[in-house]
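J.: the sequence and its predicted three-dimensional model are supplied below.
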Amino acid sequence: MIEIKNVSLRYGDTQILSDVSLTMPKGGVTALVGPNGAGKSSLLSLIARLQPLQSGAISVDGLPVDTTPGRRLAQTLAILRQDPAVASRLRVRELVGFGRFPHQNRRIDAQDKILIDTALRQFDLESLAERFLDKLSGGQRQRAMVAMAFCQATDYMLLDEPLNNLDMLFARQLMRDLRAAADNDKRTVIVVLHDVNQAAVYADRIVAMKAGRIVADGSPADVLQPKILAEVFGYDMDVIDVDGAPLVLHHR
């Protein structure tokens, strides 16, 4: 369980998060949605201790993120940022293998190799395993980054806009892979998404944010309501039911 209590964040005169309290239960897929500047990425970075807490408290399975040793935290949660900096002359297999670093003593062992192969297979990267990152398309590179986070074999995966650079086919496949990671591998997936319809189909729970605050928190059917969507995104949109799932007509 991830527990966030009274967390605020400010950069100079700009308030990024304002007294956010939220509990994310273990298991399933939780999507964070909202307009640019809502504070979604900042909240994710605080959970992963990519920046220090200014106020409030965050814990993951009872581990306070601000005081838990870095190696222990990295064995509990993995994060994929929007702009990960990696060397372009790495091969895909080497990049995915970086996910094993928090668990290694000195070098990759036989069990690590099994997990790397599993991650490559899970994200359809086997044919690209020996290719250098600078020879990949943007979408292939993004899938490799997600595979690295998966290979870390943590209970929690935090993914900040992982659908960036993916076309419709691969965005759909990646969300299916993340859903499978939650269902079959018992991972807890926290994912920032701009596409509310991807959240509607694949997430168990949606947290809607605006201006650094939580506006709504619940199932896709509960959150993706016209009144809530207008409050979060600033304009009216229709919602219809398709096979029991909400579909937001946000382009009209």
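T.: That came in fine, so what should we check first? This structure is a prediction, so every number in the text was calculated from the model and none was measured.
J.: any buried residues in stretch 173-181, and which?
T.: Within stretch 173-181, the residues scored as buried using 16 or more other C-beta atoms under 10 Å are 174-175, 177-179, 181. Just so you know, the C-beta spots here come from the backbone N, C-alpha and C atoms, and that holds for glycine as well.
J.: I should have written stretch 203-217 there, sorry.
T.: Neighbour-count burial for stretch 203-217, counted by 16+ other C-beta under 10 Å, picks out 203, 205-210, 212, 214-217.
J.: between these, which sits nearest Ala57?
T.: Ile214 (16.2 Å; C-beta to C-beta).
J.: is that closest one located within a strand, as I assumed?
T.: Yes. Counting by DSSP: H, G, I helix; E, B strand; the rest coil, Ile214 is part of a strand.
J.: helices or strands up against the lengthiest helix in the chain?
T.: In the chain, with assignment by DSSP state H, the single longest helix is helix 168-184. Helices and strands touching helix 168-184, by 3 or more C-beta pairs under 8 Å, 6 or more residues apart in numbering; DSSP states H and E, are strand 28-33, helix 110-122, helix 138-151, strand 156-160, strand 188-192, helix 196-202.
J.: residues in contact with that helix: which ones?
T.: For helix 168-184, contacts defined as C-beta atoms under 8 Å, 6 or more residues apart in numbering pick out 27-29, 122-124, 139, 142-143, 146, 150, 157, 159, 162-163, 166, 187-189, 191, 195, 198, 201-202, 204.
J.: of those, buried ones?
T.: Counted by 16+ other C-beta under 10 Å, the contacts of helix 168-184 give 28-29, 122-123, 139, 142-143, 146, 150, 157, 159, 162-163, 166, 187-189, 191, 195, 198, 201-202 as buried.
J.: returning to that earlier point: what's the most distant pair in the buried residues of stretch 203-217?
T.: So, the buried residues of stretch 203-217 by C-beta to C-beta: farthest apart are Ala203 and Gly212, at 21.3 Å.
J.: many thanks, I have nothing further to ask.
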